[in-house]
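# No sequence on hand, only this structure:
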């Protein structure tokens, strides 16, 4: 079973992602490494001892809907209660509403651990945190006073209601309606689908944030407003009042994360015989709802990226344990009697090291993204701008590369288990099932790639990405200076990979500047992977330079075995679009 | 829902894999293209109209065990009856026992269609065909007379009992026992796991082929014998007699292929109060059981490869249909009103074309392998030897590359469906689940790669592989000669990929000849993919040269977008082993 890799996580935070220098520079006030270590240690203990043991029953039982009420798996409600009592929900929440306002870096590290232990459990509070952020930034003081403290503590949970059957990636097609009631409130009508934790028994109240259109709102995304719609109305004294006209009409039967209720939510249909219309309050300005959503979208995307890291880590641990236990055949370096543990076979080693390297890269990218958010928050002026650009640049990498890695690593994990991997009781298959949603939700990985090319490459007038590449190049130089033979050819290979990044970046920037957006979009997905791999090589090297022999060896393995993919990715970006367009004609059947 | 792509399959058989020249040369006697087309057409109709509609209920209901009896999903028993009445079980079976003895090429094409329609259905008869082959080659005339006709017709089904809890990839650890009863029969004792279709209600009798050890047999794989153990004893008149002492004690709860019962079989435990000891008959010679198994293993591996092709094809069809139907966002080349079908987005196109190219490559490799088997069967002397070597060379590619492709393509298929892909009712997730077993069973893909490097590269004194590469090089020359501009840079890129294959091959051959087997094994998996991609590029080109514009465009897309991976794979083979070994030390925890 999963054991939180607290030492690895702390190392990557401090030595790869920049936490130690930030602490030393006083970026986080008087926060010290002792407290950081204590928080990580305790989060790791909770994830390992309390969350992980309830994973399997969650997967097997799932969330169950009956009469518009959702029952969570046995033991989960109590787990959630212990979890909020531990103060984990408010870890990065605003202090004025009871949060601990600890750095994002700590928040994502803890999030990784909850999700490794049980992704369906870690997912729910992510939505609450998104609601907290949206309300904190955009809601009126009245709404804040009524809702924020309870959302920060976790006494209530929040949801995000965007998707409708015809409006997924393209929210312009959204149809839900909001009518002003004349008293400052609104009546909401419509159907929302794929609403994570839309209904459950964890908390007495659920605070829905809902995108809908006001009457006569402009068409498209400029006519969307954001509303707060509580499951139970809340009195001025904070007491729960009448049931609101919103209910869960169905939950999805999904491939994975069975314990996470994915709900169809019906607004304004006269639930329970009430007068139709869910009572809602406007958050932010009319017709600016999408902007409100976008402010929290970066964090949500990073949070989903952590799920990719998390599942990959859990799958790796399970496969490594099995490979050390299962014995089959002989191996050259195993001289004891009997069959060798399969970890001694080269092919199994290749699989395990691939899992480990990809997981560590995804973790590094994600933690660096959190670091940039923290730096942006602490800094002012140009520096704040620089770090926000960095966070914006790294977010699509953190989301897409990490979640692709979750799927790839979980799949290798099944393979290492052989026939046992295909048996559900083993648990390897559950990671393979859970992992598959993360590349899809919170903006598909295809959307992330488009975001990277169309919106992030132009940051800083196109200069920001090149500054980032230069930082990565400096790592290659550091390897060379170190003269550590364990790095093998890592420095040269990293330089070569970064040259691929430079060439592809220049090509895409020229395209987007020069009316070649179609060509650029055709190369977006390979480009995202190209940058991620090259950055990952630099991050592994950084870990090796600060760490011990195994980190150096992992860097070298990655450089000499996996990093070579960048050349093909670069070719795909700069030379693949024409043949793609030519062959794609045959795909259109209508 | 799946529609058998009969025209595509026929084209690949005839123009890529060599069926037309073989027919024209009279390799298959007076078999003509008309009959081939009619058989494919009718198999396609049966797969599309009869098998595919029962897929979903099979996945949802699964096989159910109660009191040692397995009930197949609703409608499946009747489906099997119609299927054997159609003569499909004996398509490639021996004529003297009622089979049609049609070429393997037709057999695998039909197998692809059954498996696309429902992999859990297509899988069962594969085991029967394996039993037919083993008995036909190795059993006594008495056993043949009693069992073969009914196995060829499908009235009875067969199973293969190899795996035990401690003996999976390494059969040397096998423990099941066989004791001579003194009357020419044996008593079998032991537990076998992961026995596909070990128990079911399709047929009145089930013929188990079981590996076990005789008393005083040598240790390891040289002390294993093969036995026939029927579920019901068979009288000299062919009538069913007493129940034998073998029963199914459990079926596995699996990630996918739910309708295929994966059984734990108990031999000789006194089932139903009988005197303990399952009655068995020796097949072939004592202690030569593994050799008997190996004769059929090539075909079984090719059959599993077809499952990879099959699931990939089904997943592709589903994703293509969805991409043409689902509308989101705007696209440059879509000028109609409203949102564009997502097939117009470049990233979706890249995904679909990747699925299509990989599927077609896997199909081509597999059909070429079947072609080589047919040619070996028809030829004599050196030619037979040459074609058998070719089949042996292509078998690990057909098994491993096709099944990896099944997983990769099914995963992309889920992605194209967005949120709907994660919902079980959509059906895309079921392919992702089913596909995952094929890289594992019938020799894991890691074992296939070892087989390729350790046993297939030395074929023909090491010359066979180079002859094969030369044939692929000739295709690049043909592209050049054709002067068809639609091929783009395909010829140059194929040449480059083949140069990678040559370099990696020479390196591995030098290793294996010179005590560097460990280094060679470390590169086995990337080498298998390297050869498969380069061969695939040539096969796509062959299809383009014989076909229409879309096949040329697909070849170009593959060459200019995906074939570039070969350079990194080659580097991994020739330069990756040292860093792998160095990093692997940290993996051993015991």
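Sure thing, it's come through. In this text the structure is predicted, and so the values were computed from the model without any measurement.

# Can you give me the buried ones in stretch A:245-261?
Neighbour-count burial for stretch A:245-261 flags A:245-249, A:251-252, A:254-261 (criterion: 16 or more other Cβ atoms under 10 Å in any protein chain shown). C-beta: built from backbone N, CA, C; applies to glycine.

# ah, wrong one, I meant stretch A:235-248
A:244, A:245, A:246, A:247, A:248.

# roughly how far apart are the third one and residue A:207?
Residue A:246 sits 11 Å away from residue A:207, going by Cβ to Cβ, to the nearest Å.

# So for the two, which residues contact both of them?
A:229, A:231 (Cβ atoms under 8 Å, 6 or more residues apart in numbering or on different chains).

# Check the offset of stretch A:479-487 from the chain's centre.
Here stretch A:479-487 is found 34 Å from its chain centre; the criterion is Cα atoms, centre = their mean, to the nearest Å.

# average pLDDT for that stretch?
In this model, stretch A:479-487 has an average pLDDT of 97.

# Find the nearest non-adjacent residue to residue A:533, please.
Nearest-residue entry for residue A:533: residue A:566, 5.5 Å, with adjacent residues in sequence omitted and distances by Cβ to Cβ, 6 or more residues apart in numbering or on different chains.

# who touches the closest residue to residue A:406 other than its chain neighbours in this structure?
What sits nearest to residue A:406 in space, not counting adjacent residues and going by Cβ to Cβ, 6+ apart, is residue A:308, at 3.5 Å. By Cβ under 8 Å, 6+ apart, the contact set of residue A:308 is A:362, A:399, A:401, A:402, A:403, A:404, A:405, A:406, A:407, A:435, A:438, A:439.

# Format those residues as CSV; extra columns: secondary structure, neighbour count and pLDDT.
Converted to CSV, the contacts of residue A:308 look like this (DSSP: H, G, I helix; E, B strand; the rest coil; neighbours: other Cβ atoms under 10 Å in any protein chain shown; pLDDT from 0 to 100):
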residue, secondary structure, neighbour count, pLDDT
A:362, helix, 31, 98
A:399, helix, 35, 98
A:401, helix, 29, 98
A:402, helix, 33, 98
A:403, helix, 31, 98
A:404, helix, 25, 98
A:405, helix, 29, 98
A:406, helix, 35, 98
A:407, helix, 27, 98
A:435, helix, 31, 98
A:438, coil, 31, 98
A:439, coil, 27, 98
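
# okay, those residues in JSON lines with distance to residue A:113 next?
Output for those, formatted as JSON lines (distance: Cβ to Cβ, whole Å):
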{"residue": "A:362", "distance to residue A:113": "15"}
{"residue": "A:399", "distance to residue A:113": "19"}
{"residue": "A:401", "distance to residue A:113": "20"}
{"residue": "A:402", "distance to residue A:113": "15"}
{"residue": "A:403", "distance to residue A:113": "17"}
{"residue": "A:404", "distance to residue A:113": "21"}
{"residue": "A:405", "distance to residue A:113": "17"}
{"residue": "A:406", "distance to residue A:113": "15"}
{"residue": "A:407", "distance to residue A:113": "20"}
{"residue": "A:435", "distance to residue A:113": "16"}
{"residue": "A:438", "distance to residue A:113": "16"}
{"residue": "A:439", "distance to residue A:113": "21"}
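
# which one of those residues sits closest to residue B:267?
residue A:435 (38.8 Å; Cβ to Cβ).

# Does anything pack onto the helix or strand hosting residue A:531? Which helices or strands?
Assigned by DSSP states H and E, residue A:531 falls within helix A:524-546. If contacts are counted by 3 or more Cβ pairs under 8 Å, 6 or more residues apart in numbering or on different chains; DSSP states H and E, helix A:524-546 sits against helix A:346-378, helix A:445-451, helix A:464-482, helix A:490-513, helix A:549-561, helix A:565-575, helix B:346-378.

# And these: which comes nearest residue B:576?
helix A:549-561 (4.3 Å).

# still on that earlier bit, name the element the residue nearest to residue A:406 belongs to?
With DSSP H and E as the test, residue A:308 turns up in helix A:289-325.

# Give me the angle between that helix and helix A:346-378.
Orientation check (axes from the mean of the first three to the mean of the last three Cα atoms, to 10 degrees): helix A:289-325 against helix A:346-378 gives 150 degrees.

# Same list (the helices and strands packed on helix A:524-546) but as CSV, adding distance to residue A:284.
Output for the helices and strands packed on helix A:524-546, formatted as CSV (distance: least, Cβ to Cβ, whole Å):
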stretch, distance to residue A:284
helix A:346-378, 20
helix A:445-451, 22
helix A:464-482, 28
helix A:490-513, 30
helix A:549-561, 44
helix A:565-575, 38
helix B:346-378, 31
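
# Of these, which is nearest residue B:587?
Going by Cβ to Cβ, the one of these nearest residue B:587 is helix A:346-378, 5.4 Å.

# Can you tell me which helices and strands whichever helix or strand comes after that closest one packs against?
Following helix A:346-378 in sequence order, the next helix or strand is helix A:381-396 (DSSP H and E). If you count contacts as 3+ Cβ pairs under 8 Å, 6+ apart, helix A:381-396 packs onto helix A:289-325, helix A:346-378, helix A:445-451, helix A:464-482.

# Buried residues of helix A:381-396, list them for me.
A:386, A:387, A:388, A:389, A:390, A:391, A:392, A:393, A:394, A:395, A:396.

# Closest one to residue A:115 out of those residues, please.
Using Cβ to Cβ, those come closest to residue A:115 at residue A:395, 17.5 Å.

# could you pull out the strands for the stretch 51-200 of chain A?
Along the stretch 51-200 of chain A, the segments classed as strands by DSSP state E, counting those that start in this stretch run A:64-66, A:69-71, A:157-161, A:177-180, A:186-196.

# Now do the fourth one: which elements does it pack against?
Secondary structure elements in contact with strand A:177-180, counted by 3+ Cβ pairs under 8 Å, 6+ apart, are strand A:186-196.

# The strand it packs on packs against which elements?
helix A:119-138, strand A:157-161, strand A:177-180, strand A:206-212, strand A:225-230, strand A:262-267, strand A:278-283.

# Now mean neighbour count too, for these, in a markdown table please.
A markdown table is the format used below for those (neighbours: other Cβ atoms under 10 Å in any protein chain shown):
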| stretch | mean neighbour count |
| --- | --- |
| helix A:119-138 | 24 |
| strand A:157-161 | 26 |
| strand A:177-180 | 20 |
| strand A:206-212 | 27 |
| strand A:225-230 | 26 |
| strand A:262-267 | 24 |
| strand A:278-283 | 24 |
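
# out of the ones you listed, which comes closest to residue A:354?
helix A:119-138 (21.4 Å).

# Show me where chain A dips below the pLDDT cut-off.
A:590 (pLDDT under 70).

# how's it carved up into domains?
A:6-152, A:157-287, A:445-582 (automatic domain parsing).

# center of chain A, which residue is that?
The centre of chain A sits closest to residue A:304, judged by Cα atoms, centre = their mean, with a distance of 1.7 Å.

# Look up phi and psi at the closest residue to residue A:276 other than its chain neighbours.
Distance criterion Cβ to Cβ, 6+ apart; nearest residue to residue A:276, sequence neighbours excluded, is residue A:270 at 4.0 Å. Per-residue torsions, residue A:270: phi 80, psi 40 (degrees, to the nearest 10).
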